[in-house]
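# Show me the folded form of this:
(one chain, ligands or ions: 2)
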Amino acid sequence: MKFSANLGFLWNDLCLPDAIRAAKAAGFDAVECHWPYDVPAAEVRAALEETGLPMLGLNTRRGDVGAGDNGLSALTGREVEARAAITEAIAYARATQTRAVHVMAGYSAGPEAHASFVANLRFACAEAAPHGITILIEPLNRHDAPGYFLQTTEQARAIIAEVDHPALRLMFDCYHVQIMEGDLTRRLTDLQPLIGHIQFASVPDRGAPDHGEVDYADIFATIAALGYDLALGAEYKPVGKTENTLGWLDLTRRSTQKAP
Ligand SMILES: O=C(O)C(=O)[C@@H](O)CO
Ligand SMILES: [Mg+2]
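Ligands and ions are numbered 1, 2, ... in the order given. Purely as a prediction, here's the structure:
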């Protein structure tokens, strides 16, 4: 199995280029981030080239976080800002050869919000596709993001069908899906054709995947059996130093090494 370090949470005490180097030293196969915009893209690209790690994803800006924004693309009336955030994210992704952009929906509900999200996703796909960049949408759970527009994989499935563009895929974050819908094994199997990226963390405390209500040894085996071979995103909140939370990585690597 291959793993991607989510540098929004792992090594987030380091600047992004140093976090990329730390992920390489710890044995990750890839990295991903949340909002890298304060760091010049050239510095990130240099660290990626130095380490040989690909950057798998980044998020669109959330808007005015101080005022409570958590994404803009399902906010009717904020289309200009939403599209500027999408254009900015795609430009940053191109400059760093990042493979996917997660378009954040924001706090909203109802048919107008749905229509705005679909229209903004069509815009995002049209902008991203010529550069080979995937657009991701991610359901978030109601405890961490109460009132977030996109809450379930079923809602995401319907939106992906409506947008009907090959660049649009599902970000299946096992942590959020377990909280909102459960049935992880069946959902991973059923949704696999739509999945562009998988993330994971323990439930309910969003820690390392070595405790909690989800048996990740089993989930990783299910994902491998499906033939899914892209790197899985470790998007958990380390308690203490990130290096001291990586026992799960060694264990997984040892248990999946082929016999000589
Ligand atoms: O919270 C998550 O899960 C994410 O993947 C973030 O990038 C979006 O809030
Ligand atoms: Mg996630």
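# need the strands for this protein, in chain order.
Using DSSP state E, the strands of the chain run over 3-6, 30-32, 57-59, 100-102, 134-137, 168-173, 195-200, 232-234.
# Quick check: the residue of the stretch 1-150 of the chain nearest ligand 2.
Taking C-beta to the ion, ligand 2 has its nearest neighbour within the stretch 1-150 of the chain at E138, 5.5 Å off. For the C-beta atoms, the positions are set from N, CA and C on the backbone; glycine is no exception.
# Was I right to think that residue contacts H102?
Yes. E138 is within contact range of H102, at 5.7 Å (criterion: C-beta atoms under 8 Å).
# Can you check which residues contact both of those two?
M171 (C-beta atoms under 8 Å, 6 or more residues apart in numbering).
# The two: which is more packed in?
E138 (24 against 21; other C-beta atoms under 10 Å).
# Run through the residues that contact that one.
102, 104, 150, 156, 170-171, 173, 176.
# Tell me if stretch 132-151 is near ligand 1.
Yes. Stretch 132-151 lies within reach of ligand 1 by C-beta under 6 Å from any ligand atom, at 138, 140.
# Quick one: residues contacting the nearest residue to W11 once chain neighbours are set aside.
The shortest distance from W11 to any non-neighbouring residue, by C-beta to C-beta, 6 or more residues apart in numbering, is to A19 (3.9 Å). A19 sits next to 5, 7, 10-12, 31 when contact means C-beta under 8 Å, 6+ apart.
# Closest one of those residues to A225?
A5 (24.0 Å; C-beta to C-beta).
# which residues does that closest one bridge with?
Here A5 shows beta-bridge partners V31, A234, assigned using DSSP bridges.
# Touching, it and A26? I think so.
Yes. Using C-beta under 8 Å, A5 and A26 qualify as a contacting pair, with a distance of 7.2 Å.
# who's more crowded, those two?
With neighbours defined as other C-beta under 10 Å, A5 and A26 compare such that A5 has more, 30 against 16.
# Return the distance of the more buried one relative to L168.
Separation of A5 from L168 (C-beta to C-beta, to the nearest Å) stands at 25 Å.
# next one: A156
A156 is 10 Å from L168, by C-beta to C-beta.
# So for these two, which residues contact both of them?
I137.
# of the strands of the chain, which approaches Y92 most closely?
strand 57-59 (6.4 Å).
# Just give the strands next to that closest one in its sheet, each with its orientation.
When DSSP bridges is applied, strand 57-59 pairs with strand 100-102 (parallel).
# can you list contacts of the strand it pairs with?
56-60, 86, 89-90, 93, 124, 128, 133-138, 169, 171, 196-197.
# What of stretch 6-15?
5, 16, 18-20, 22-23, 31-35, 39, 199, 233-238, 242.
# Spatially nearest residue to G27, not counting backbone neighbours?
L249 (6.5 Å).
# separation between the one you found and R21?
From L249 to R21 the distance is 17 Å (C-beta to C-beta).
# before we move on, what about G247?
For G247, the distance to R21 (C-beta to C-beta) stands at 21 Å.
# more crowded one of the two?
Taking neighbours as other C-beta under 10 Å, G247 and R21 compare with R21 leading, 18 against 10.
# chain center to stretch 181-192: distance?
17 Å (C-alpha atoms, centre = their mean, to the nearest Å).
# what does the stretch 1-150 of the chain put close to ligand 1?
34, 59, 102, 138, 140.
# 5 Å instead?
Residues of the stretch 1-150 of the chain lying close to ligand 1 by C-beta under 5 Å from any ligand atom are 34, 59.
# now the helices for the stretch 1-150 of the chain?
Here the stretch 1-150 of the chain has its helices, by DSSP state H, counting those that start in this stretch, at 16-26, 41-51, 79-96, 111-128.
# Go through those helices and name the closest to A225.
helix 16-26 (26.2 Å).
# So which bits of that closest one are buried?
By 16 or more other C-beta atoms under 10 Å, the buried positions in helix 16-26 come out as 16-17, 19-24, 26.
# Now V39: closest residue in space that isn't a chain neighbour?
Looking at V39 with C-beta to C-beta, 6+ apart, the closest residue is L16, at 4.6 Å.
# quick one, what contacts the one you found?
Applying C-beta under 8 Å, 6+ apart, the residues near L16 are 7, 33, 36, 39, 43-44, 47.
# This completes my enquiry, with thanks.
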